[in-house]
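1. everything below, folded, please.
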Amino acid sequence: MRVLAATCVLAASCAVGPNYVRPEAPKTTGYTVEPTPGVTAAAGGSAQRIERSNTLAADWWHLFGCARLDAIVADALANNPSLEAAQATLRKSQNTLRAGYGVFFPQVDAGASAGRQQYSPARVGSSLPPSVFNLFTLSGSVSYTLDAWGGQRRTVEGLRAQVEAQRYTVIGAYLILSGNVVNTLIASAAYRAEIDATKELIALEEEQVRLTDAQAQAGTVAYASALSLKSQVASTRATLPPLQEKVEQAEHLVAALTGRMPVEWRPPAIALEEFKLPGAIPLSLPSELVRQRPDILVAEAQLHSVTAQIGVATAAMLPNLTLSGSYGANNTSAADLFSSGSVFWSVAAALAQPIFKGGALWYQRKAAADARDAGLASYRQTVLSAFAQVADSLRALEYDAETLNADSEAYQAAEAAFHLVQINYQSGLANYLQVLTANTQYLQSRIGFVQAEAQRLQDTVALFVALGGGWWNASKPASPLTRR
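-> Got it, this is the predicted structure:
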């Protein structure tokens, strides 16, 4: 017994199974093969500076300088059901952890019973007649399982890791929600700008139809020219319903993200010009990204949890010592329940060692080790995907600026050509084919310019989200986004 006690004391200072070691941060200092330029090309009157910094604000959407956008994002963060569900799940995991700490304390129970029964002496070979009596019992018991091998500590360690995983899941939900709201509002604004451009073109084309009808009646042009222009107007009008449908779909999505039904609320119409392109982009180092991006931290916490399960499975293969005791009193009379002759008690120590389980315990440990290997591979894949997203977003900002420059030049040239052809057509110096060509080029170039502006804004959002959203810079101590 002394040897067993000494063994338990020595083992209590450690826990079986591998200790969790946090994966090393990558040694690389960049995200792409080509060096990231410090500034993008100036397009649309502005350029973006890429700054090596970890100062991205938690409320990064404020960088777009749109008060109505800020209000809608705040509304979504306060009322989104999916976010509420994630927060409730976090509270559940925290309470599960608190419950798990109970294994470190003795388990104490109390009981009381009162009954009436008949005793048959024949059960013990006696010929005495049966007796009927009352039995009153009060008792208490205590038991404690020594965590000699640290299996319970590994279980609680896994529960703590699960709490961390859920906490970063909540942060990820904040990030995804805010990104979806901002992206949807930018897309909605771009659709409205396309609708405005299309309506303006329709008005110009209708004026051309009116002039062509007059010329056809005067016999200066063929009536086929008027019919062709009318066909063009109809084709242009046909592009409006799909755009209007997209606007309404975006409105419905924003309503759902803010916790409302589409019939209850419509978000305000924000013009594309109200979004200010962020000029400074704080870019975290790769070694910082793996310590702050929520999905990476979730994968890391899950890896920690499955690593702890190896210790749990190992401890299940080793001897288990349980101490227990009970104390109570019973008597046939409730009045005599506390007399000295009614007391009973017991003290016991039970040692259990698994001998043969058909290989179950061994393979459970191997399965736990395999789960750890799978968790490590999943973590590595999450890191790789995160780095690819940052690299894609960085390159997108460079190419967006170049695309916007080209689209701006094309738009300005098409606009000038459109007005020149319109004047020449009214003067009889251009034919309807030239008008049709100019109309098409003008509409395509203007819509292309609008789409390029929106894409540049959305790729900026994508980079902020890919960097983790700046939650580590949250200023409110009570916020679930603050670092713990």
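2. C-alpha from now on. contacts and neighbour counts both.
-> Fine.
3. may I have the distance across stretch 33-48, first residue to last?
-> End-to-end distance for stretch 33-48: 20 Å, by C-alpha to C-alpha, to the nearest Å.
4. so what touches it?
-> The contact list for stretch 33-48 (C-alpha atoms under 8 Å, 6 or more residues apart in numbering) reads 30, 49-51, 277-281, 394, 397-398, 401-402, 404-405, 408.
5. surely residue 317 meets residue 357?
-> No. With contact defined as C-alpha atoms under 8 Å, residue 317 does not reach residue 357; the gap is 9.8 Å.
6. more crowded one of those two?
-> Counted by other C-alpha atoms under 10 Å, residue 317 and residue 357 do not tie: residue 317 has more neighbours, with 18 against 9.
7. what strand or helix carries the more buried one?
-> Counting by DSSP states H and E, there is no helix or strand that carries residue 317.
8. where do the helices sit along the stretch 351-484 of the chain?
-> 360-426, 432-466 (DSSP state H, counting those that start in this stretch).
9. for the last one, packing partners?
-> Packing partners of helix 432-466 (3 or more C-alpha pairs under 8 Å, 6 or more residues apart in numbering; DSSP states H and E): helix 151-218, helix 223-238, helix 360-426.
10. got a pLDDT number for residue 410?
-> If you check residue 410, the pLDDT there is 88.
11. any idea how many residues pack against it?
-> Neighbour number of residue 410 under other C-alpha under 10 Å is 19.
12. count the residues that sit near the nearest residue to residue 445 once chain neighbours are set aside.
-> Spatial nearest neighbour of residue 445, chain neighbours left out: residue 411 (4.7 Å); criterion: C-alpha to C-alpha, 6 or more residues apart in numbering. Other residues near residue 411 come to 22 when the count uses other C-alpha under 10 Å.
13. and residue 411, what does it touch?
-> 442, 445, 446, 449.
14. residues touching the second one, list them.
-> Contacts were defined as C-alpha under 8 Å, 6+ apart; by that measure residue 445 touches 407, 410, 411, 414.
15. swap in 10 Å and give it another go.
-> Taking C-alpha atoms under 10 Å, 6 or more residues apart in numbering, we find residue 445 in contact with 406, 407, 408, 409, 410, 411, 412, 413, 414, 415, 451.
16. follow-up on the earlier one: pick the most deeply packed of the helices and strands packed on helix 432-466.
-> The highest mean neighbour count among the helices and strands packed on helix 432-466, using mean count of other C-alpha atoms under 10 Å, belongs to helix 151-218: a mean of 21.
17. what helices or strands is it leaning on?
-> helix 67-79, helix 81-100, helix 223-238, helix 240-257, helix 294-315, helix 360-426, helix 432-466 (3 or more C-alpha pairs under 10 Å, 6 or more residues apart in numbering; DSSP states H and E).
18. quick one: closest of those to residue 61.
-> The closest of these to residue 61 is helix 67-79. By C-alpha to C-alpha, the value is 6.8 Å.
19. angle of that closest one against helix 240-257?
-> 50 degrees (axes from the mean of the first three to the mean of the last three C-alpha atoms, to 10 degrees).
20. use 314 as the first number from now on
-> All right, first residue 314 from here; so that's helix 380-392.
21. off-centre distance for helix 380-392?
-> 18 Å (C-alpha atoms, centre = their mean, to the nearest Å).
22. find the nearest non-adjacent residue to the residue lying farthest from the centre of the chain, please.
-> Distance from the C-alpha centroid of the chain, by C-alpha atoms, centre = their mean, peaks at residue 440 (76.6 Å). The spatial neighbour of residue 440 that comes closest, neighbours along the chain excluded (C-alpha to C-alpha, 6+ apart), is residue 434 at 6.6 Å.
23. circling back: ok, so of the contacts of residue 724, who is nearest residue 458?
-> Nearest member of those to residue 458, counting by C-alpha to C-alpha, is residue 762, at 71.4 Å.
24. from residue 630, how far off is that closest one?
-> Taking C-alpha to C-alpha as the measure, residue 762 falls 68 Å from residue 630.
25. try residue 392
-> 49 Å.
26. okay, now the spatially closest residue to residue 587 that is not a sequence neighbour: neighbour count?
-> Taking C-alpha to C-alpha, 6+ apart, and ignoring the residues beside it in sequence, residue 587 has residue 379 as its nearest neighbour in space, at 6.1 Å. The tally of other residues near residue 379 (other C-alpha under 10 Å) stands at 15.
27. hang on, isn't residue 379 packed against residue 498?
-> No. Using C-alpha atoms under 10 Å, residue 379 makes no contact with residue 498, being 11.0 Å away.
28. what's the overlap in contacts for those two?
-> Residues touching both residue 379 and residue 498 (C-alpha under 10 Å, 6+ apart): 583, 588.
29. quick revisit: show me what contacts the residue nearest to residue 440?
-> Residue 434 neighbours (C-alpha under 10 Å, 6+ apart): 440, 441, 442, 443, 444.
30. let's have the residues you listed in CSV, adding secondary structure and pLDDT.
-> Below are those laid out as CSV (DSSP: H, G, I helix; E, B strand; the rest coil; pLDDT from 0 to 100):
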residue, secondary structure, pLDDT
440, coil, 82
441, coil, 84
442, coil, 86
443, coil, 87
444, strand, 88
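31. nearest to residue 605, of those residues?
-> When the contacts of residue 434 are compared against residue 605 (criterion: C-alpha to C-alpha), the nearest one is residue 444, at 75.2 Å.
32. what residue spans form the domains of the protein?
-> Per automatic domain parsing, the structural domains of the chain span 325-418+461-631+672-786, 420-458+632-665.
33. the residue nearest to residue 394 when sequence neighbours are not counted: how many residues sit nearby?
-> Spatially, and ignoring its direct neighbours in sequence, residue 394 is nearest to residue 572 (6.2 Å; C-alpha to C-alpha, 6+ apart). Look at residue 572: counted by other C-alpha under 10 Å, it has 18 neighbours.
34. do residue 406 as well
-> Neighbours of residue 406 (other C-alpha under 10 Å): 21.
35. again, but for residue 568
-> 22.
36. now do the one 10 residues further on
-> Neighbour count for residue 578, taken as other C-alpha under 10 Å: 15.
37. do you know how far it is from residue 585?
-> Counting by C-alpha to C-alpha - residue 578 and residue 585 are separated by 21 Å.
38. rewinding a little: tell me the spacing between the residue nearest to residue 440 and residue 445.
-> Distance from residue 434 to residue 445, by C-alpha to C-alpha: 11 Å.
39. repeat that for residue 584.
-> From residue 584 to residue 445 the distance is 91 Å (C-alpha to C-alpha).
40. who has more neighbours, these two?
-> With neighbours defined as other C-alpha under 10 Å, residue 584 and residue 445 compare such that residue 584 has more, 15 against 9.
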